[in-house]
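Participant: build me a structure from this.
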Amino acid sequence: MAARTLGEERSAIRRWAVRRMYLLWTIAAAGFAADQITKAIAAVVVEGHEPRHPLGGAVTFTAFRNSGAAGSFAPRATLVFTLLAIVVLVLIARVAPSIRSTGWAVGLGLIFAGAGGNLADRIFRTPGFGRGAVLDFIQLGESGIFNLADQCVTAGSAVVLIQAFRGVPMRTVVTSGLGSRALER
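Facilitator: Numbering: from 1, shown residues only. So this is what the prediction gives:
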């Protein structure tokens, strides 16, 4: 097998990056859609009704409007969480074109989906723009009440932490002789 030139190597890396970027945006869109659809269903079926306990009570569907962060932390800081979500979304959008790792693409796509899902609630739900409350409606056992966006952020953060602890770079610098093997982590 003939050695690839630096130009061929860069072209291969660009193709790899485009695939990772598509993966990130596909996961972000799917997670965002699933979150918004389930919240729309919960707003009609769960909110204003008695809690439902399928699976022998292991899961409870009950509506809770959360103006704070996870676990109703800082309920009066809705505007802060709105701005924080916007910053997270902008940062992920800026690094998305340079992602070279499947793991980083999955993790950041999930975080984008979750931050975007809860941001949509904060922007469009009552009491008003940037101050809306997130609809939480799933409870496992005696845990806190959450939604799919929260789980996307949690899972995405876990993936990103695993990637970081493994030493997997988010972006890869091309150096002659490394080849695309450096991208396969």
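Participant: quick one, phi/psi of the residue positioned nearest the centre of the chain?
Facilitator: With distances taken as CA atoms, centre = their mean, residue 111 lies nearest the centre of the chain, 2.1 Å away. The phi/psi pair for residue 111 (degrees, to the nearest 10) reads phi -60, psi -40.
Participant: I'd like the distance between the closest residue to it other than its chain neighbours and residue 115.
Facilitator: Excluding its sequence neighbours, the residue lying closest to residue 111 (CB to CB, 6 or more residues apart in numbering) is residue 156, at 3.7 Å. C-beta: built from backbone N, CA, C; applies to glycine. The gap separating residue 156 from residue 115 is 9 Å, by CB to CB, to the nearest Å.
Participant: which helices and strands does the lengthiest helix in the chain pack with?
Facilitator: For the chain, the helix that runs over the most residues, judged by DSSP state H, is helix 6-45. In terms of contact count using 3 or more CB pairs under 8 Å, 6 or more residues apart in numbering; DSSP states H and E, helix 6-45 is assigned the packing partners strand 59-66, helix 102-124, strand 134-140, helix 148-166.
Participant: the second one: which residues count as buried?
Facilitator: Yep, that's helix 102-124 we're talking about. 102-122 (16 or more other CB atoms under 10 Å).
Participant: and the helices and strands packed on helix 6-45 as TSV, adding distance to residue 86 and mean pLDDT?
Facilitator: TSV is the format used below for the helices and strands packed on helix 6-45 (distance: least, CB to CB, whole Å; pLDDT from 0 to 100):
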stretch	distance to residue 86	mean pLDDT
strand 59-66	18	88
helix 102-124	7	94
strand 134-140	15	90
helix 148-166	15	96
